[in-house]
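Student: Need a 3D model of the sequence below.
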Amino acid sequence: MTATKELSGRIASVDVFRGITILLMIFVNDVAGVRDIPFWLKHAAPGSPGMTFADVVFPAFLFIVGLSLPFALAQRKKKYPGQPLFLHVLTRTAGLLVLGLLMLNGPAVSSMNAAWWNVLMYAGAILFWAAYPENEKRKAIFPILKWTGFALLVFLLAIYRRGSGDTLSWIQTGWWGILGEIGFAYAATALLYLLFRDRPALLLSIPALCILLYIADRSGQLDFLGRIRTVFYPGSHFGTHVLISFSGLLCGHWLFGRGPGDHRAYLKKLGIFALLCGLAGYALYGLYGVDKIAATPSWALFSTAICILIFMLCYGVLDVGGKKGAYPFFKPIAVNPLLAYLLHVMLIYVFRLAGFASFYGSQLGAGIIGILRAAAYTGFIYLITRLLTKAGVKLKL
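Tutor: Numbering: from 1, shown residues only. Now for the predicted structure:
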């Protein structure tokens, strides 16, 4: 059996890592509004000399994007052999950037009721990007639903305004939102992999080049880019964020290419890589410190090392040890992460329209009760995603 055949199906450790990551991202986003909780549950303040549990969640998402890429691109090539992978990458990137900007600008809408605009926006996104089942008796309605979602998004964009009076404006790029940042990292990682996947030396050099790009940006060497630099943030979006996602890709590339049952060599390679990332993060700490908001190299390298170690644990337990009892629990959200992520924001606005009290008011928004409420909400999103996934509702950019 070849490595490609062995790895053609879903890999339990990759799915479980993705499932854990998306659940933690929902929890961290929700608990961010809770008062009087331990500092490590929130992002470290900008400029503080360290990082918290919450500061590793976004890097874990970037890491899993890269980790999954070799398998996703191989499956895409197998399913659509005549379609160029570059076009698929660019189309998917465009979808992530659009969603990122919609989510970023949604809370600031002033041209209509913000809750209604956001609920309709998320509904339109789900309708448009849903992967409708094939060979269904009702398949004639699926294109109608898809283009209804598209028309709804176009309408909402057309009427969108933020601010008032002289400050009235349209969509702003800002920091592009979480999905936008993931979109840039995905595009750079995927395109670099397609260009250099047959040249291992170049693949290994890319994380180091990402660090150099960040240093060049911070030191003013990229100031000649002017407005381009302040819109696209090359140091973080194409520097340290890509460092994390491309490190994940290297781990996925090694997994994709390993021999059948060759677990020991693979785990050893991952362990060495994690150690090198940790040492590099320590060596560069004095340069910019550890700062998620500034996306410093040490933050990226420490986060990458942690992600590799967690993935090693998942891989060792599930794929080497064969203990896959947790896999059925995580699989529904692992195969449908975008739906879960959109739902966790959309339903906040739905509850607001329904007249429910604010999630973050009174006792529900403070201390241990607030933490438990955030955990319960994460569980609720999991259950909704599980039910919708079982019913065949999946999102695919």
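
Student: Just give me the neighbour total for G47.
Tutor: G47: 9 surrounding residues under other C-beta atoms under 10 Å. Glycine gets a C-beta too; all of them are placed from N, C-alpha and C.

Student: State the distance from it to L62.
Tutor: Noted for G47: a distance of 22 Å to L62, by C-beta to C-beta, to the nearest Å.

Student: How much space separates Y266 from F311?
Tutor: Y266 is 11 Å from F311, where distance means C-beta to C-beta.

Student: Those two: who's more crowded?
Tutor: F311 (24 against 20).

Student: these two touch, right, the more buried one and S13?
Tutor: Yes - the criterion here is C-beta atoms under 8 Å, and F311 meets it with S13 at 6.6 Å.

Student: Under the pLDDT cut-off, which ranges of this structure? List them.
Tutor: For the chain, the stretches with pLDDT under 70 are 1-9, 135-136, 357-360.

Student: those strands in it, which residues are they?
Tutor: Per DSSP state E, the chain carries no strands over any range.

Student: thinking again about what came up before, any residues in contact with both of F311 and S13?
Tutor: Counting by C-beta atoms under 8 Å, 6 or more residues apart in numbering, F311 and S13 have no contacts in common.

Student: and the spatially closest residue to F329 that is not a sequence neighbour, what does it touch?
Tutor: Excluding the flanking residues, the one nearest F329 by C-beta to C-beta, 6 or more residues apart in numbering is G19, at 7.7 Å. When contacts are counted by C-beta under 8 Å, 6+ apart, G19 touches F329, F330, K331, I333, A334, P337.

Student: ok, now how distant is G106 from I26?
Tutor: Relative to I26, and taking C-beta to C-beta, G106 is found at 17 Å.

Student: and the spatially most central residue of the chain, what does it touch?
Tutor: The residue lying closest to the centre of the chain (C-alpha atoms, centre = their mean) is F61, at 4.2 Å. Neighbouring residues of F61 by C-beta under 8 Å, 6+ apart: T21, I22, M25, I178, I182.

Student: And for D198, the neighbour number?
Tutor: Count around D198 with other C-beta under 10 Å applied: 7.

Student: what's the answer for R10, then?
Tutor: 12.

Student: how much space is there between it and A74?
Tutor: Distance from R10 to A74, by C-beta to C-beta: 13 Å.

Student: ditto for A216
Tutor: Counting by C-beta to C-beta - A216 and A74 are separated by 34 Å.

Student: repeat for G149
Tutor: 29 Å.

Student: Who has more neighbours out of these two?
Tutor: When neighbours are counted by other C-beta under 10 Å, G149 comes out ahead of the other of G149 and A74, with 18 against 15.

Student: That one touches F128, doesn't it?
Tutor: Yes - in this structure, G149 is within contact of F128 by C-beta under 8 Å, at 3.4 Å.

Student: tell me which residues of stretch 42-52 are tucked away?
Tutor: Of all the residues in stretch 42-52, those buried under the rule 16 or more other C-beta atoms under 10 Å are K42, H43, A44, M51, T52.

Student: Next, give me the two most distant ones among those.
Tutor: Farthest pair in those (C-beta to C-beta) is K42 and M51. Separation: 11.4 Å.
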